[in-house]
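Q: no sequence on this one, just coordinates:
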């Protein structure tokens, strides 16, 4: 069983992952939208927007990966297994998406 | 794919801001306001509306959870456990949604919002809090400081299988309807499983990012997300959820529940009546 300080340390780490991902995707989406509206014919706008959307979707996945690592480090195998299962499900989604 | 237009980009941004503010206040992610708007006002196909909405759900979840992390309001263990069910539901919904008609999905949207409203209204005055801060919250329970009563509250999680079942349904609903699923989880966790409203909302908001991602990836892969529309709406929602978060800390729990129920009933009526 985990002690409370470890849990809140993990929580803070997850907070950093989420904040970083949200910030990166916001900047990319805002820049992409500005370029797309200013120069609709340029390829840069759609590329930046696509990158922003992909980072947006990758952020919760990164948070899950951080949780898997965090619980492994704490040797909390129950929650390691649970978070690893979530990761496998997300990979399943990616597979479904790639197969169209 | 609709051609990019500055006017529509601004409309979507403003709608996103409104939805984001409400979503952060109510722990819903905003989809419950966005999807009806995109379908009924902007006249987007249901799948395009859901695709955009899922993107905003992810954004709201990331921002709101990042701000809340470390405040002990998110029940991390309960969240990680229920997430297995919501993510599985999200994947299942993302696979079967393509076999359903838009009319069916719109009616389902109405039914889901009505159910959530009824559950919320019936439990307006329940608090579900063990007031003794020394009480043992158990493995999955939690403890947090509540500004409203000025003390530490502790709670136990009851009826875990029910919570898992609701989470699976909430996950499917996320991918079918573009809702974070908080609309089902928050009332259920609060009414049936003993989790206080604020902790239920924070834990749900934490989970819906992963839940929505399970569906969003599939919508994106199938070309159902119009990128510039999603960008505009997401930016609006991000701006709005910041505002909502600031207000939310001061709003009272009972007021939150009542506001949520009224909004849900309105949304239900609109989606049900306008399903062609």
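A: Thanks, I have the structure now. Just so it is clear, the structure is predicted and the values come from calculations on it, not from any experiment. Numbering: from 1, shown residues only, chains lettered A, B, ... in the order given.

Q: contact partners for the spatially most central residue of chain A?
A: Residue closest to the mean C-alpha point of chain A, counted by C-alpha atoms, centre = their mean, is residue A:59 at 1.3 Å. Listed by C-beta atoms under 8 Å, 6 or more residues apart in numbering or on different chains, the contact set of residue A:59 reads A:17-18, A:21-22, A:25, B:58, B:62, B:209. To be clear about C-beta, it is placed using only N, CA and C from the backbone, and glycine gets the same treatment.

Q: what does residue B:65 give?
A: Per C-beta under 8 Å, 6+ apart, neighbours of residue B:65: A:14-15, A:18, B:74, B:202, B:205-206, B:209.

Q: before we move on, back to that, so the residue nearest to the centre of chain A lies in a helix, does it not?
A: Yes: looking at residue A:59 with DSSP: H, G, I helix; E, B strand; the rest coil, it is inside a helix.

Q: measure it to residue B:58 for me?
A: Relative to residue B:58, residue A:59 is positioned 7 Å away (C-beta to C-beta, to the nearest Å).

Q: which neighbours do those two share?
A: Residues touching both residue A:59 and residue B:58 by C-beta under 8 Å, 6+ apart: residue B:209.

Q: so which bits of stretch B:78-97 are buried?
A: Using 16 or more other C-beta atoms under 10 Å in any protein chain shown as the test for burial, stretch B:78-97 gives B:78-95, B:97.

Q: filter the residues you listed by proximity to chain A?
A: Restricting the buried residues of stretch B:78-97 to those touching chain A (C-beta under 8 Å from any C-beta of the partner chain) yields B:80-81, B:83-84, B:87-88, B:90-91, B:94-95.

Q: and residue B:154, that one's in a strand?
A: Yes: counting by three-state DSSP, residue B:154 is located in a strand.

Q: what is it paired to in the beta sheet?
A: With DSSP bridges as the criterion, residue B:154 is bridged to residue B:130, residue B:143.

Q: isn't it right next to residue B:143, touching?
A: Yes: in this structure residue B:154 lies within contact range of residue B:143 using C-beta atoms under 8 Å: 4.4 Å.

Q: just the helices in the chain please.
A: In the absence of a named chain, this looks at chain A. Applying DSSP state H to chain A gives helices spanning A:4-38, A:44-73, A:77-99.

Q: ah, no, chain B please
A: Using DSSP H, helices in chain B cover B:6-26, B:31-36, B:46-68, B:76-96, B:102-122, B:160-177, B:182-192, B:197-221, B:227-248, B:253-274.

Q: name the helices or strands packed onto the fifth one?
A: So that's helix B:102-122. helix B:31-36, helix B:46-68, helix B:160-177, helix B:182-192, helix B:253-274 (3 or more C-beta pairs under 8 Å, 6 or more residues apart in numbering or on different chains; DSSP states H and E).

Q: and those helices as JSON lines, adding mean pLDDT?
A: As requested, the helices and strands packed on helix B:102-122 are exported to JSON lines (pLDDT from 0 to 100):
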{"stretch": "helix B:31-36", "mean pLDDT": "84"}
{"stretch": "helix B:46-68", "mean pLDDT": "90"}
{"stretch": "helix B:160-177", "mean pLDDT": "92"}
{"stretch": "helix B:182-192", "mean pLDDT": "82"}
{"stretch": "helix B:253-274", "mean pLDDT": "78"}
